[in-house]
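Student: Starting from these lines, generate the structure:
(chains A and B)
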Amino acid sequence: MDIVRKGDFMMKETVSRDCDLFRWEIKKLWSQPMILTFLLLCVASQIVLAARDRYLEPDGDYAVYVAWIAREGGQRMGKEFTETVLKSRNRREEMSEQRQGQTAECRPAEGEDLYRERLLGETAGTEDIFEDYCCGQLAGELLRQFRITGWPARMMERKYQRQQAAVDLLAKRKDSLDVSSAGMTQPVMDALFGTQCRTFITEAMVLAVLMALSVSGNERTARTQLTVYATRTGRKIQYAKAAAGLVSALAAYGILVVSSLGFFALVWYPAPAWNASISSQFHYMSLAGAKLPFITWKPFTTGEYLLAVVTLGAVVVTLFYVLAFCVGLWVKSAWTGFVFLFLLVAVNFQVIMMAGDSFRWTLYLCAQWTPAGLWWLENQWFTDMLINGAVPWQECAVAALWTVLCGLMLAVSFYHMKKEDVC
Amino acid sequence: MLREEMKKIWRPGMIAVLVLLGFVYYTMFLEFHIRYFPNGPQNAGLFTVAAELVKESGNRMTGEVRQRLEQKLPELYAEADAYVADFAFTKQYGLATYEAYTKFYQNAMEGVAESQAADQNAMYADAMRLNAYLTSEATENIEGRIRGTESYLRRYDVVAGEEKERKIFTGNSETNGIQDLKYLLKEDGKPSQEYLHAAQTFYGEDEAWRNILPAQVPETTSDYLGSLLVWQCLSIGILLSPLLVWDRMSRMRALQWSSRAGRGIFTVQLKAALLSALLMNLLNLALFVGLFFSRGMSVFFPCRMFSFMDTPFCWPNWTYGTWCLALVLLGLLASMGVAAAVFFLSRYSSHYIGMLLKLIPVVVVAAVFCPKLLGYAFYFNNPLYALVPLPYVEVVAAAAIFLTGAVLCAGAVRKQKQLELLEV
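Tutor: Purely as a prediction, here's the structure:
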C-alpha cells in the first residue's frame, strides 16, 4: 500500500511539475514583446484587408441589398424569389403614397431601383446548372488542354467519375439555385476565402514556425541548456516546450480567426449568406480564363465550408509548427532553421512551376502533396482542385499523411535530442 | 575592420542561399515579363512594327513616315496572301487572299456564337487553326504585323487629322479612354492641372504626341522593375539582418568596445552594411536588368515617354532611356532606405526570432509598396499618384523611405556612445 501511495504521489508530482513547466514555457514565449506586436500587426492587417474589400469594392452595397431581399424571400431562386423582389418595390411605393410627408426612410432610394433591376436580371429564369452537368466532359477537356497523359490522366479520370455522384446530389438538392449574393457572390467569396482565410492561415503559419524555433532553441540562445538538462526533468523539458509552443500557436491562430471573421462579418453585414450553398451558380473557380462551377465532394453551406476551412487551417498551422520544431531540435541556430524552411517552401513552389511549365504532370501532382502545396491550394479545398488534384478529398489525404509523417519526425527528433552532445 | 565586417556579412552559406532564392524569385515573378514579352501575337505585332519604324525612320511619326508605313501595307497583304493560299485546308473554303481569310474568320466567330452545330464548330476550329498559323513564327506573325500597322495608321489619323479637336478633347473609342483628355476634366467641367499639362505638353506646338513608343513597353518595364525592387529589399533584408544579432548573441559587444576601435565599431558595421546593400543592389540590377533588356527594348531608348500609341499621360517627357534610369535610381534610393531600416531594427533584436518578427513585416510592406512606387512611375496612372495627386510623388516617397532609414541609423549611432555596456 505504501509503495502504491508513493507511486501515486510521484505521479502527481510529475504531472504537477510538467504542468508548471508547460505554464512557464507559455509565459516565456508570450513575454517576448515582438510576439504580441507581430500578432497585433496581423490583426490590424486583417482589418485593413476586410475594410478594403468591402469599401473599395464598387458593388459592396449591392451584396448587402441582396442579403436583405434573401432574408425575406429565402435563398432559393425561382418564382417566389422574383415575386419577393417585385413586392419590395410595390411595398415601398405604397408606403410612400400612404404617408403624407415623405421621410427619407419611406422614399425609395435611387440606388435600390438599380439594384432591384440588376437582381431581377441576374436571377429571373435561372436554371439548375448541375442537371445536365457531365464531369467526364470536363475531365476530357482538361486532359486535352493541358496535355495530361499516363498515370496522372487515369487518376484524374477516376476522380471526375467519382465527382459525378457529388454533382448528381447537388442537382437533386438544386443547390445551384441558391442566390447567395447574386452577382456579388464571387467577390464576396474571394474576399472571404481568397483574402481573409488565406491571410490568417499564412500569418498563423509564419507565427507558428517562429514560435517553434523560439521554444526549441531558447535554452541554447540563453546558454542555459547545460543547467536545464542537468535537472531532474532534463531533456524531457522539450516535451513541455513542444506542447506549450503548439498551444500558443493554435491560440494565436484562434485570435486571428476570431478577429478576422468577426470584423469581416461586421463590415459585410448581413451578407454573405451563411446558409446558402457554397456551390451556388454564382460561385465558380477560374482556370485558363474559363469559369467552372465550385463543386465540393459533399454539399456544404457557406458557413459549413468556412468551418471546414478554418479546421483544416488549424491542421496546416500544426503541421508547420511540428516541422519547425523538428528543425529547431536539429539545427543550432534559429536563423539557419528559418532559412532552411523558407528554402524548402521556395524550392517546392519552384518544382511545381517548372513541372507545370514542362507538362511533367506526375512531378507536378506529387509536388502538391506537401504542407506548402496544401497551404497554397487553400481556395480549392474540398473540391476537385482541377489539375492540382489527383484524388477526391486530396487536401484531407495530404493533411493525414503529413500528420503521420510529422509525428514520426517528431519522435525521431526527440530521440536525437536525447542522444545529442550538448557541449 | 571594414573588410572583416564585410566578411561577416558575405558568408559563403549566405551567398548560396541568396543565389538559390534569387533563382526561385526570378522564375516565379520576373521571368514571365521577359519570356512572354511581347504578350500575345497582337502585342508582338505592335512591338515589331514600332521597332522597325524607329530603326528606319527615327522616333517621331511625321506625315512622311506615315506615308512610308502605309506603303508597306500592300507588301504585307501580298505576303499574307501567299501564306493563306499555302495553308492546308484553305482551298476547301475557297480562301486565296488575306481579305478572304478575315471575312472567313469573322463569319466563323459570329456563326459559333449563334449556333453550336457541328459544321459551325468545324468552321470555327479551322478558323482558329489558320489564325494560329498566321500568328506563328513560321509566318513571322504576319497577322500581328498587319494589324499593328493598320492600328498605328488609324490612331495617327485620329490624332493628327481634322477630328483631333473633337476626339482627343471629347472622347475617342480608338484610344480606349487612356488618352482622352476629357477624363482629366474636373467634375464641374473645368480643366485640372493634369489636363492643362497634357494639353500643353503633348498636343501643343511641339506635337510631342508624334513620338513612337508602344504602350506595352513602359507598362512591362515598370512592372518588372517594381517586382525587382521587392527582391532587392528581400535580399538585402536576408543579407544584413543577422550581423548585429549574431554579435549580440555571441556577447561580442564587450570585447569590441574594449578594443582600439571601441564604440566606433558600430559605425564601421553600419558602413559595411550599407556598402553590402549597395553591392547587392548593383549585382541584382546588373543581372536582372541586363536580362530584361536582352528582349530588344533598348531600341526605344531615344524615344519619349508619351506617344500617340496609347501610352498614358505623364508629368515629365524624358526619353525612355532616361525614364528607365530614373526608375533604377528610385529603386536604389528606396532599397538603401530599407537597408538602413533593417540595420536599425537588427540593432534592437536580442535574438534571431525577434529579428525575423521585425523583418517579415518590413518585407511584406515592401512587397505591397514597391510595385505601387514604380508601376507607371511619373505617369498619371501611377497608384501612388492616385492616392496623393502630387506631381513626382514617387520621388517624394522614395526620398522619405531613404531619409527615414538614414535618420534612424543616425540616431542609433549617436545613442551608441551613451549606452551602458550592460544595456547592449
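Student: separation between A:Gly150 and A:Tyr253?
Tutor: Plainly put, A:Gly150 is 39 Å away from A:Tyr253 if you go by Cβ to Cβ, to the nearest Å. C-betas here are computed from N, CA, C, even on glycine.
Student: Compare the two and say which one has the larger neighbour count.
Tutor: The residue with more neighbours, out of A:Gly150 and A:Tyr253, is A:Tyr253; 24 against 9, by other Cβ atoms under 10 Å in any protein chain shown.
Student: Flag the shaky bits of the stretch 251-400 of chain B, pLDDT-wise.
Tutor: In the predicted model, the stretch 251-400 of chain B carries no residue with pLDDT under 70.
Student: and if we set it to 90?
Tutor: The stretch 251-400 of chain B contains residues with pLDDT under 90 at B:251-266, B:294-298, B:305-313, B:317, B:347-351, B:381, B:387, B:389.
Student: Get me the contact residues on it for chain A.
Tutor: B:351-358, B:360-361, B:364 (Cβ under 8 Å from any Cβ of the partner chain).
Student: okay, the residues you listed in TSV with neighbour count next?
Tutor: TSV is the format used below for those (neighbours: other Cβ atoms under 10 Å in any protein chain shown):
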residue	neighbour count
B:His351	21
B:Tyr352	27
B:Ile353	28
B:Gly354	23
B:Met355	28
B:Leu356	27
B:Leu357	24
B:Lys358	21
B:Ile360	18
B:Pro361	15
B:Val364	14
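Student: which residues sit in contact with the closest residue to chain B within the stretch 51-200 of chain A?
Tutor: Relative to chain B, the nearest point of the stretch 51-200 of chain A is A:Thr199 (10.4 Å; Cβ to the nearest Cβ). By Cβ atoms under 8 Å, 6 or more residues apart in numbering or on different chains, the contact set of A:Thr199 is A:45-46, A:49, A:260.
Student: Repeat the analysis, applying 10 Å as the threshold.
Tutor: Residues near A:Thr199 by Cβ atoms under 10 Å, 6 or more residues apart in numbering or on different chains: A:42, A:45-46, A:49-50, A:256, A:260.
Student: repeat for A:Leu408
Tutor: Taking Cβ under 10 Å, 6+ apart as the criterion, A:Leu408 is in contact with A:Cys326.
Student: average pLDDT across the helix or strand encompassing B:Ser222?
Tutor: Using DSSP states H and E, B:Ser222 sits in helix B:216-240. Mean per-residue pLDDT for helix B:216-240: 95.
Student: by contact count, what packs against the helix or strand just after that helix?
Tutor: Using DSSP H and E, the next helix or strand after helix B:216-240 towards the C-terminus is helix B:242-249. Other elements packing on helix B:242-249 under the criterion 3 or more Cβ pairs under 10 Å, 6 or more residues apart in numbering or on different chains; DSSP states H and E are helix A:334-357, helix B:2-9, helix B:253-257, helix B:265-284, helix B:320-347, helix B:352-374.
Student: give me that answer again for 7 Å
Tutor: helix B:265-284, helix B:320-347 (3 or more Cβ pairs under 7 Å, 6 or more residues apart in numbering or on different chains; DSSP states H and E).
Student: Point me to the residue of the stretch 101-250 of chain A nearest chain B.
Tutor: Nearest residue of the stretch 101-250 of chain A to chain B, counting by Cβ to the nearest Cβ: A:Ser214, 4.4 Å away.
Student: ok, B:Val393 to B:Ala88 distance?
Tutor: 56 Å.
Student: Looking at those two, which is more packed in?
Tutor: For B:Val393 and B:Ala88, the more surrounded residue by other Cβ under 10 Å is B:Val393, and the numbers stand at 19 against 10.
Student: show me the contacts for B:Glu5.
Tutor: Counting by Cβ atoms under 7 Å, 6 or more residues apart in numbering or on different chains, B:Glu5 touches B:268-269, B:272.
Student: Nearest to A:Trp24 among these?
Tutor: Taking Cβ to Cβ as the measure, A:Trp24 sits nearest to B:Gln269 out of the contacts of B:Glu5, at 35.6 Å.
Student: I'd like the distance between A:Phe325 and A:Leu306.
Tutor: 29 Å.
Student: Over to B:Gly226?
Tutor: From B:Gly226 over to A:Leu306 (counting by Cβ to Cβ), the distance is 34 Å.
Student: Quick check: which ranges of the stretch 1-150 of chain A have low pLDDT?
Tutor: The model of the stretch 1-150 of chain A has pLDDT under 90 over residues A:1-21, A:53-117, A:120-121, A:123-127, A:131-132, A:137-138, A:141-142, A:144-145.
Student: Which residue ranges of it form helices?
Tutor: For the stretch 1-150 of chain A, applying DSSP state H, counting those that start in this stretch gives helices covering A:2-30, A:33-55, A:60-73, A:79-98, A:110-123, A:135-145, A:150-173.
Student: chain center to the longest one, what's the gap?
Tutor: Pointing back at helix A:2-30 there. With Cα atoms, centre = their mean, to the nearest Å as the basis, the distance from the averaged C-alpha position of helix A:2-30 to the chain average is 36 Å.
Student: and the spatially most central residue of chain A, what does it touch?
Tutor: In chain A, the residue lying closest to the centroid (Cα atoms, centre = their mean) is A:Val309, at 4.0 Å. The contact partners of A:Val309, by Cβ under 7 Å, 6+ apart, come to A:193, A:197, A:381.
Student: so which of those residues comes closest to A:Asp20?
Tutor: Using Cβ to Cβ, A:Cys197 comes nearest to A:Asp20 of the contacts of A:Val309, at 36.6 Å.
Student: So A:Phe349 sits against B:Thr27, correct?
Tutor: No - look at A:Phe349 against B:Thr27 with Cβ atoms under 7 Å: they stay out of range, at 9.2 Å.
Student: related to what we said a few turns ago, now for the helix holding B:Ser222, which elements pack on it?
Tutor: Partner elements for helix B:216-240 (3+ Cβ pairs under 7 Å, 6+ apart): helix B:12-25, helix B:31-35, helix B:265-284, helix B:320-347, helix B:352-374.
Student: Between A:Phe325 and A:Leu306, which is the more surrounded one?
Tutor: Neighbour tally, A:Phe325 and A:Leu306, criterion other Cβ under 10 Å: the higher count belongs to A:Phe325, 29 against 21.
Student: roughly how far apart are the more buried one and B:Cys409?
Tutor: 36 Å.
Student: for A:Leu401, same thing?
Tutor: 48 Å.
Student: And stretch B:308-317, end to end?
Tutor: The straight-line separation of the ends of stretch B:308-317 (Cα to Cα, to the nearest Å) is 13 Å.
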